[in-house]
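Trainee: What follows is a predicted structure for the sequence shown.
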Amino acid sequence: MNIIFLGPPGAGKGTQAQKICDALNIPQISTGDILRRAMKEGTETGLKAKSFIDAGQLVPDDVIIDIVKERLAMADCGNGYILDGFPRTVPQAEALDTFATIDTVIELDVADQVLVERLSGRRVCLKCGATYHLSMLNGETKCSKCGEELIQRDDDKAETVLNRLEVYHAQTAPLIGYYEKKGLLKKVDGAQGLDNTFAAIMKELGAKA
Ligand code: AP5
Ligand code: MG
């Protein structure tokens with residue numbers, strides 16, 4: 001099944017995508033993770049993306065579309081995938097339509113006030129992409145999956161978070177209507193606990209939790 005996770009920063013796209021991908025044995029394709037890895041490695045794409053990401057703005061469409069097109073052509077995508085963080089603009093969605101067939105779009109719905117609290121307490125592993133919240137770490141500073149030191153993302157600073165929310169409402173939220181019109185959109189309450197959100201998504205996908 002080819003799935004898109006749509007939702008504002010902090011809605012739980014990455015957290016739930018990891019769990020659902022493990023359950024369905026399909027890859028998670030997070031454009032945010034791909035760009036952060038490129039920045040860490042100092043590649044040309046990483047250098048291009050850095051100023052946009054640090055400002056909470058979107059990376060230009062042509063940069064990101066080429067990355068996703070290449071990634072979806074890889075063998076492990078043959079049995080399906082979850083796109084986490086792509087598409088983010090109508091031109092990206094239109095481009096995706098030319099090289100992929102999407103089965104379902106899960107919209108994770110969470111109020112802005114909750115998102116700000118979630119993002120300010122988030123800690124991530126840049127090596128394996130695992131995501132945590134301070135409230136679940138009990139002082140632990142290393143990734144429980146791979147042992148790497150956890151970090152706070154630069155774009156999780158308060159002022160950048162507000163920019164990202166604005167960008168989401170202006171540029172990405174129109175995709176809700178785009179996929180509603182195609183009959184692909186399924187809305188899930190992302191403000192529930194982790195396990196209930198997971199079960200709700202699995203139900204919408206017609207999979208057993
Ligand atoms: P990206 O990395 O995709 O960031 P984002 O969309 O802003 O989303 P986040 O990763 O911040 O949130 P999430 O929904 O994954 O939440 P998470 O699961 O971590 O993109 C970063 C930047 O890259 C963009 O700003 C842009 O510059 C660029 N970019 C990426 N893709 C692009 C594209 N297609 N086009 C152009 N530019 C692009 O959860 C958040 C926190 O909440 C965690 O601490 C988690 O533990 C906690 N949490 C999650 N679920 C729950 C729950 N149910 N209850 C309580 N806490 C929860
Ligand atoms: Mg994410």
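Mentor: That came through fine. Ligands and ions are numbered 1, 2, ... in the order given.
Trainee: Name the nearest residue to the residue of the chain found nearest ligand 1, ignoring sequence neighbours.
Mentor: The minimum distance from the chain to ligand 1, using CB to the nearest ligand atom, falls at Gly32 (1.9 Å). From N, CA and C alone the C-beta is placed, and that goes for glycine too. Spatial nearest neighbour of Gly32, excluding adjacent residues (CB to CB, 6 or more residues apart in numbering): Gly85 at 4.7 Å.
Trainee: again, but for Ala199
Mentor: For Ala199, the closest residue by CB to CB, 6+ apart turns out to be Ala209, at 4.6 Å.
Trainee: The one you found: how many residues sit nearby?
Mentor: 13 (other CB atoms under 10 Å).
Trainee: Tell me which residues touch Asp66, please.
Mentor: By CB atoms under 8 Å, 6 or more residues apart in numbering, no residues touch Asp66.
Trainee: can you list the residues of this structure near ligand 1?
Mentor: Residues of the chain found near ligand 1 (CB under 6 Å from any ligand atom) are 7, 9-15, 31-32, 35, 52-53, 56-59, 64, 85-86, 88, 92, 118, 121-122, 131-133, 155, 164, 193-194, 197.
Trainee: Can you tell me which of the residues you listed end up in helices?
Mentor: The members of the residues of the chain next to ligand 1 that map onto helices under DSSP state H are 13-15, 31-32, 35, 52-53, 64, 92, 118, 164, 194, 197.
Trainee: Closest to Glu148 out of those?
Mentor: Nearest to Glu148, judged by CB to CB, of these is Gly14 at 15.8 Å.
Trainee: separation between that closest one and Lys48?
Mentor: As judged by CB to CB, to the nearest Å, Gly14 and Lys48 stand 22 Å apart.
Trainee: Equivalent analysis for Thr98, please.
Mentor: Thr98 is 23 Å from Lys48, where distance means CB to CB.
Trainee: still on that earlier bit, check the ones in helices among the residues of the chain next to ligand 1 and tell me the two furthest apart.
Mentor: Phe52 and Leu194, at 29.7 Å, using CB to CB across those.
Trainee: one step back: which of the residues of the chain next to ligand 1 are buried?
Mentor: 7, 9-15, 31-32, 35, 53, 56-59, 64, 85-86, 88, 92, 118, 121-122, 131-133, 155, 164, 197 (16 or more other CB atoms under 10 Å).
Trainee: What average pLDDT does stretch 131-144 get?
Mentor: Averaged across stretch 131-144, the pLDDT comes to 96.
Trainee: mind listing what's buried in it?
Mentor: Those buried within stretch 131-144 under the rule 16+ other CB under 10 Å are 131-133, 143.
Trainee: Do me a favour and get the end-to-end distance for that stretch?
Mentor: End-to-end distance for stretch 131-144: 10 Å, by CA to CA, to the nearest Å.
Trainee: How far does it sit from its chain's centre?
Mentor: Distance, stretch centre to chain centre, for stretch 131-144: 20 Å (CA atoms, centre = their mean, to the nearest Å).
Trainee: And for it, what's in contact with it?
Mentor: Stretch 131-144 is touched from outside by 14-15, 18, 118, 121-125, 127-128, 130, 148-150, with contacts defined as CB under 8 Å, 6+ apart.
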